[in-house]
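Undergrad: sequence unavailable; structure follows:
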């Protein structure tokens, strides 16, 4: 849901839509544009916006982490998961540690 007109978000981010995709900030939308250019140039593949990763311990679902982007770096074959951050929150820091303990990738923070 978009903030009402004139309302400020917690960190003054301005929600922005590009190609029909809603991004939480102008910075995130700009990063999407950069990644689309890399996709067209054949540097990356399988670009996904807002992929979800479950955080679970045993059979207990704890939370869901929603990254900003994921893609495959075609030069290395590595899965890259990115989160565009202006200010990392304590919740993000905790979820990042949990995700990196549960999944075989590191989260790249893009500033």
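TA: Looks like it came in fine. Here the structure is a predicted model, which means the values were calculated and not measured.

Undergrad: now stretch 83-102: mean pLDDT?
TA: In this model, stretch 83-102 has a mean pLDDT of 92.

Undergrad: can you give me the helices for this structure?
TA: In the chain, the helices defined using DSSP state H lie at 26-40, 90-102.

Undergrad: residues touching the most centrally placed residue in the chain, list them.
TA: For the chain, the residue nearest the mean C-alpha position is residue 68 (1.5 Å; CA atoms, centre = their mean). Neighbouring residues of residue 68 by CB atoms under 8 Å, 6 or more residues apart in numbering: 23, 28, 31, 49, 50, 82, 83, 84, 110. Every residue, glycine included, has its C-beta placed from N, CA and C.

Undergrad: now do the contacts for the first one.
TA: By CB under 8 Å, 6+ apart, residue 23 lies in contact with 15, 16, 17, 29, 32, 68.

Undergrad: just the helices of the chain: most buried one?
TA: helix 26-40 (a mean of 16; mean count of other CB atoms under 10 Å).
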